[in-house]
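Trainee: Following is a predicted model, sequence given first.
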Amino acid sequence: DFCMLTGSVPTSLGNMRSLVSLNVGQNLLQGDLGFLAGLANSRELNFINLQVNSFTGRLPDYVGNLSRELRVIDATGNKLVGGIPSTISNLSGLSSLILMNNQLSQEIPPSIMTMESLERIDISGNSFVGPIPAQIGMLRRLVQLRLYDNNFSGPIPDGIGNLTMLEYISLSQNQLSSGLPASLFLLDNLVNLNLSHNSLTGVLPSDLGHMKQIDTIDLSANRLSGSLPDSFQQLTMLTYLNVSHNSFNGSIPYTFRNLINLAALDLSSNNLSGTIPVYLAGLTYLASLNLSFNELQGPVPDGGVFRN
């Protein structure tokens, strides 16, 4: 809760050897994270929340000396700089690493890929560079991977297909290139897939039907081409599909009529041809439709989403 604490955190916190949880989130605290050094004495510590303050400086190497009981580090919304120290991998029990909206940079240290307890990584809204580590497939318990709004480049690693528990993946607003790994589309627990605003190329795999739980797909603003696969029809839970600003061609698949839960469909700014399918007017929940800047011809259907 908002307490509006100001100033810095005292290093004497380390005298609290029985400390289990440190929650100073959403205050007006500042200064560096030097107080973490003392917390090495708190061997029961399992939760650190520093989010939404004005902490500055680097994430120190001695973060790796903290309790092996530590499950959560959340430093969202501060002014931290530098990289993630490789010593963080000493925290073998860590399940959530949340550092979003800071000024962090450098590459992801390879040692993170040995942290087998990680379920959530959110380092979005920073300036991380380099490739997404090829060994990411080692993090078998990962449920959420949020790396959006950074400067990552290179390919999406094939090993991502090993992350069979993944539900949320957002790699948008980076500089990722090359094709989409087929393994990505075999993840049958995936609920939300956002790869938008990159430089990804190639075609979509013909078989998308494994993603039975998928609710949201955003592949917009890339360099994808080829036709839209008929197998989209198997994604009956899908409510949001955006593939705008690519180079998809061919017609809008007749099989899209089976996307009965679709609420938003954006196919704009591609090279799609043929007519506008009449069945789109019959999709009960479809409230937002954008087909502009294509090569579609013929009449606009009546009713449904076309009433707007």
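Mentor: Structure's in. What do you need? Numbering: from 1, shown residues only.

Trainee: residues contacting residue 241?
Mentor: 217, 232, 259, 262, 264, 265, 266 (CB atoms under 8 Å, 6 or more residues apart in numbering). Quick note: C-beta positions are derived from backbone N, CA and C, even for glycine.

Trainee: Pull the number of nearby residues for the last one.
Mentor: By that I understand residue 266. For residue 266, the neighbour count with other CB atoms under 10 Å is 19.

Trainee: Hmm, residue 248 and it touching each other?
Mentor: No. Counting by CB atoms under 8 Å, residue 266 does not reach residue 248; the two are 11.7 Å apart.

Trainee: State the three-state secondary structure for the residue nearest to residue 35 when sequence neighbours are not counted.
Mentor: Closest residue in space to residue 35, ignoring its immediate chain neighbours: residue 9 at 4.3 Å, by CB to CB, 6 or more residues apart in numbering. Three-state assignment for residue 9 (DSSP: H, G, I helix; E, B strand; the rest coil): coil.

Trainee: how many neighbours does residue 9 have?
Mentor: 23.

Trainee: In the chain, where is pLDDT below threshold?
Mentor: 1-3 (pLDDT under 70).

Trainee: how about the helices in it?
Mentor: Using DSSP state H, no helices are found in the chain.

Trainee: returning to that earlier point: filter the contacts of residue 241 down to the buried ones.
Mentor: 217, 232, 259, 262, 264, 265, 266 (16 or more other CB atoms under 10 Å).

Trainee: Which single one of those is nearest to residue 252?
Mentor: residue 265 (9.2 Å; CB to CB).

Trainee: who's in contact with the closest one?
Mentor: 241, 242, 256, 259, 280, 286, 288, 289, 290.

Trainee: could you dump the residues you listed to CSV with distance to residue 226?
Mentor: Shown next, in CSV, are the contacts of residue 265 (distance: CB to CB, whole Å):
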residue, distance to residue 226
241, 16
242, 17
256, 16
259, 19
280, 21
286, 24
288, 25
289, 22
290, 20
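
Trainee: Only whichever of those residues are buried, select them in PyMOL.
Mentor: In PyMOL, a selection of the buried entries from the contacts of residue 265 looks like this (16+ other CB under 10 Å):
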select buried, resi 241+242+256+259+280+286+289
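
Trainee: Give me the subset of the contacts of residue 265 lying in strands.
Mentor: 241, 242, 288, 289, 290 (DSSP state E).

Trainee: and those residues as TSV, adding distance to residue 14?
Mentor: Formatted as TSV, these follow (distance: CB to CB, whole Å):
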residue	distance to residue 14
241	51
242	49
288	53
289	58
290	56
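
Trainee: ok, these vs residue 146, which is closest?
Mentor: The closest of the ones in strands among the contacts of residue 265 to residue 146 turns out to be residue 242 (CB to CB; 17.8 Å).

Trainee: what bridges to the closest one?
Mentor: residue 218, residue 266 (DSSP bridges).

Trainee: Contacts only, for it.
Mentor: 196, 217, 218, 219, 220, 264, 265, 266.
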